[in-house]
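K.L.:
just to be clear, the model below is a prediction. Sequence and coordinates:
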Amino acid sequence: MPRPHLIAAGLAAGLALLAAAPAQASTFCVPDYTAACPNNGTNIKLGSLETAMQANQSDGVKDTIHVAPGVITDPGSIETDSGADDPLEIIGAGPASTVVTTSSTGNIYVMNIEPGSRATTVRDLTIRIPATTPEDLGGAMQASGATLDNVDVDVRNDGGDGISFVGGGVFRNGRIASSAGGELGDGIRVNGANNGSMTVEDSRIESPSWGIYADSANVPVTVRRVVITTPLAYGVRVTAGGSVAMSNSVITSQTGRPVTVLATAGGGASFSGDHLTIVGLSGQPNPAVAVEVGTGVANNASALLVNSIVRSFPATYDRKAPVGGATGNATIGLHHSNFAPTGTSVGDGSVTSSNGSNTDPQFVGTGTDPYRLKPGSPSIDRANPAAGGLAVDLLGAVRPRDGDGDGVARSDQGAYEYQPPAPPDLGTGPTTPDSGGTPDPGTTPAPGGTQPAAPGDTLAPKLTGLRLGKGLTRRRGGTIRFALSEAARVELRFTRGKRKVTLRVNGKAGANTVKVARRKLAAAQWTLTMVATDAAGNRTSTVRRLTVRR
């Protein structure tokens with residue numbers, strides 16, 4: 001059964017703008033001035049986030065709100081006004097620094113930016129549902145067409161929901177999870193009251209009851225580079241006219257159903273997955289993909305998986321539909337994928353497959369991304385050779401690569417593209433820093449730099465766990481994290497057209513952090529090439545794409 005809809009709290013009656021605020025003021029500092037929002041004679045300091053959201057909201061000027069580090073607590077739901085139409089941007093100091101929450105014990109959204117018609121962006125903060133919110137009630141945010149960038153959701157009650165998107169929107173570079181004994185209800189749910197499209201990308205949804213729920217033909221959902229871990233009931237559920245297109249993503253499941261597609265009298269349902277890795281954990285009782293048409297329903301339900309890996313489930317699929325010309329069909333397609341051809345197929349429709357395999361994909365099994373492929377994996381270079389369009393994998397690494405060494409670059413099955421070691425460098429000697437290179441103060445060098453090579457060392461260092469820091473901006477810089485199997489010199493080359501910025505560090509064995517200085521990189525799309533070279537001259541490299549924001 002769908003979870004109950006939230007009851008949004010109303011605006012406090014009679015709330016007025018501060019008389020001191022000029023009619024055209026557009027930048028507000030909450031609750032005080034900071035380096036990001038200084039007392040420059042133009043910016044306005046306001047003690048309440050809601051007051052700032054409702055100030056000058058229809059004067060034709062974009063409103064920008066800088067929220068200082070700390071915990072911002074409102075007695076109710078922090079809301080915009082139904083008459084608002086100016087563009088709005090709310091900026092925190094980072095999810096680890098700025099937390100927005102409520103002291104209410106009612107069934108409310110912590111933030112409600114759905115009313116009105118203003119284009120809204122929220123970034124660089126955490127929205128927290130407090131433990132005092134009643135069980136199975138409350139939500140972090142309701143939004144309409146908004147963009148949430150580098151926003152985390154922290155659920156501390158039992159069953160609070162993440163984000164409800166009315167008419168779609170964008171959620172990127174975020175994490176939706178519970179902590180301090182809480183349990184996450186819905187991660188992301190669409191509401192078809194308005195038409196629009198929904199995009200979820202470069203994010204994590206951890207241990208939800210329902211991860212992503214799409215039940216409206218008015219709001220098609222696109223999911224890119226997302227990890228959904230151990231859903232209690234459903235990883236992705238599509239029903240009643242909904243559609244989901246998911247790529248370069250991972251779903252792990254121990255008790256829930258990773259993908260469920262259900263056609264009802266309210267509409268058909270469809271799911272398409274490209275380069276997915278779906279893994280059942282110990283004790284998983286359910287199939288990976290379930291597609292069903294309800295009794296007497298004339299609408300169709302379908303699921304299509306291509307270039308994917310589905311492993312460790314008691315059955316890969318469960319397909320059910322009525323029999324009869326007046327009812328809908330349930331169909332499942334599995335192509336160029338690694339899966340066990342087992343499952344239940346009943347009623348009108350079919351299960352089709354082609355160019356598949358059923359072998360151990362040989363996951364690395366450890367680290368931040370345990371479902372990466374080991375060298376020699378049978379899923380390397382096994383995706384559809386004619387497939388195109390996915391230029392990067394879950395981690396932003398370039399695909400396709402020639403992972404099996406046959407001289408032909410072909411994409412791998414699953415969410416991760418194996419990155420083969422770089423060939424030996426036959427150049428003329430060590431690289432000298434260019435004009436863009438600077439020593440990195442944020443990485444602790446290995447003692448004495450790189451270590452002497454062991455006699456006969458021919459193994460390249462392993463460069464794993466690459467994480468591009470959330471909120472990497474031109475104005476504040478950011479961090480890049482990675483791990484090395486041994487001490488090595490590491491060169492980070494950022495390229496954008498003819499522009500090149502290079503950082504060089506002495507990396508230690510284990511975890512490393514590189515700090516990117518403020519204003520080092522322009523706000524734009526960059527390609528990052530990392531090359532690690534050990535003391536014996538053995539090299540490995542990886543390539544990622546990243547976005548630097550303002």
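P.N.:
Cool, got the structure.

K.L.:
any stretches of the protein with poor pLDDT?
P.N.:
For the chain, applying pLDDT under 70 flags the ranges 1-25, 387, 422-457, 469-471.

K.L.:
which parts of it are helices?
P.N.:
For the chain, applying DSSP state H gives helices covering 49-54.

K.L.:
tell me how far stretch 197-215 is from the chain's mean position?
P.N.:
Put simply, stretch 197-215 sits 9 Å off its chain's centre (C-alpha atoms, centre = their mean, to the nearest Å).

K.L.:
end to end, how far does that stretch reach?
P.N.:
In terms of C-alpha to C-alpha, to the nearest Å, the two terminal residues of stretch 197-215 are separated by 13 Å.

K.L.:
which residues are in contact with the nearest residue to residue 189 once chain neighbours are set aside?
P.N.:
Excluding the flanking residues, the one nearest residue 189 by C-beta to C-beta, 6 or more residues apart in numbering is residue 213, at 4.4 Å. In this view, the C-beta of every residue, glycine as well, is placed from N, C-alpha and C. Applying C-beta atoms under 8 Å, 6 or more residues apart in numbering to residue 213 gives the contacts 2, 186, 188, 189, 190, 234, 237.

K.L.:
so what pairs up with residue 213 in the strands?
P.N.:
Beta bridges link residue 213 to residue 189, residue 237 when assigned by DSSP bridges.

K.L.:
can you say which of the contacts of residue 213 are buried?
P.N.:
186, 188, 189, 190, 234, 237 (16 or more other C-beta atoms under 10 Å).

K.L.:
CSV for those, including distance to residue 513?
P.N.:
CSV is the format used below for the buried ones among the contacts of residue 213 (distance: C-beta to C-beta, whole Å):
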residue, distance to residue 513
186, 34
188, 30
189, 36
190, 37
234, 36
237, 38
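
K.L.:
of all pairs in those, which one is the farthest apart?
P.N.:
With C-beta to C-beta as the measure, no two of the buried ones among the contacts of residue 213 lie farther apart than 190 and 234, at 14.1 Å.

K.L.:
in stretch 496-510, what counts as buried?
P.N.:
501, 502, 503, 504, 505, 506, 507, 508.

K.L.:
so what pairs up with residue 544 in the strands?
P.N.:
residue 397, residue 528.

K.L.:
contacting residues for it?
P.N.:
Contacts of residue 544 (C-beta under 8 Å, 6+ apart): 392, 395, 396, 397, 398, 466, 468, 527, 528, 530.

K.L.:
how close does residue 297 get to residue 477?
P.N.:
From residue 297 across to residue 477, the span is 54 Å (C-beta to C-beta, to the nearest Å).

K.L.:
please read the previous query as pertaining to residue 245.
P.N.:
According to C-beta to C-beta, residue 245 stands 34 Å off from residue 477.

K.L.:
just the closest of the buried ones among the contacts of residue 213 to residue 89, please.
P.N.:
The nearest member of the buried ones among the contacts of residue 213 to residue 89, counting by C-beta to C-beta, is residue 188 at 21.2 Å.

K.L.:
how about the spatially most central residue of the chain: what's its closest non-neighbour residue?
P.N.:
The centre of the chain sits closest to residue 203, judged by C-alpha atoms, centre = their mean, with a distance of 1.3 Å. Counting by C-beta to C-beta, 6+ apart, the nearest residue to residue 203 once its immediate chain neighbours are dropped is residue 174, at 4.7 Å.

K.L.:
just checking, that neighbour touches residue 150?
P.N.:
Yes: contact criterion C-beta atoms under 8 Å: residue 174 and residue 150 qualify, at 6.5 Å.

K.L.:
list residues touching both of these two?
P.N.:
residue 95.

K.L.:
strands along the stretch 301-450 of the chain, start to end?
P.N.:
Applying DSSP state E, counting those that start in this stretch to the stretch 301-450 of the chain gives strands spanning 301-306, 309-311, 317-320, 330-335, 343-346, 349-354, 438-439.

K.L.:
now tell me what touches the second one from outside.
P.N.:
Contacts with strand 309-311, where a contact means C-beta under 8 Å, 6+ apart, come from 276-280, 288-289, 316, 334, 337-340, 360-361, 371, 379, 413-415.

K.L.:
one more pass at 7 Å, please.
P.N.:
Identification of contacts with strand 309-311 by C-beta atoms under 7 Å, 6 or more residues apart in numbering yields 277, 278, 279, 288, 316, 337, 338, 339, 361, 379, 413, 414.

K.L.:
likewise for the fourth one?
P.N.:
Where contact means C-beta under 7 Å, 6+ apart, the residues beyond strand 330-335 that reach it are 289, 291-293, 301-306, 317, 319-321, 347, 349-356.

K.L.:
let's see that with 6 Å instead.
P.N.:
291, 293, 301-306, 317, 319, 321, 349-354 (C-beta atoms under 6 Å, 6 or more residues apart in numbering).

K.L.:
strand partners (parallel or antiparallel) of that strand?
P.N.:
strand 301-306 (parallel), strand 349-354 (parallel).

K.L.:
then the fifth one?
P.N.:
Using DSSP bridges, the strands paired with strand 343-346 in its sheet are strand 317-320 (parallel).

K.L.:
what's in contact with the partner strand?
P.N.:
Against strand 317-320 from outside (C-beta under 6 Å, 6+ apart): 287, 289-292, 330, 332, 343-347, 351.

K.L.:
tabulate the CA atom coordinates of it in CSV.
P.N.:
What follows is strand 317-320, C-alpha atoms only, in CSV (Å, rounded to 0.1, in the frame of the first residue of the first chain):
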residue,chain,number,x,y,z
TYR,A,317,12.4,-12.2,-12.6
ASP,A,318,8.7,-12.7,-11.6
ARG,A,319,6.3,-11.9,-14.5
LYS,A,320,2.5,-12.1,-13.9
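
K.L.:
closest to residue 105 among the contacts of residue 544?
P.N.:
Distance to residue 105 across those (C-beta to C-beta) is lowest for residue 468, with 38.9 Å.

K.L.:
how close does the spatially closest residue to that closest one that is not a sequence neighbour get to residue 244?
P.N.:
Among residues not flanking residue 468 along the chain, residue 546 sits closest, at 4.9 Å (C-beta to C-beta, 6+ apart). Separation of residue 546 from residue 244 (C-beta to C-beta): 26 Å.

K.L.:
residue 519 and residue 388, how far apart?
P.N.:
From residue 519 to residue 388 the distance is 37 Å (C-beta to C-beta).

K.L.:
what about stretch 367-383, start to end distance?
P.N.:
For stretch 367-383, the end-to-end distance is 25 Å (C-alpha to C-alpha).

K.L.:
now that stretch, how far from the chain's geometric center?
P.N.:
20 Å.

K.L.:
what residues does stretch 60-77 touch?
P.N.:
So stretch 60-77 is in contact with 9, 24, 26-30, 32, 34, 36-37, 49, 52, 86-93, 97-104, 108-109, 112, going by C-beta under 6 Å, 6+ apart.
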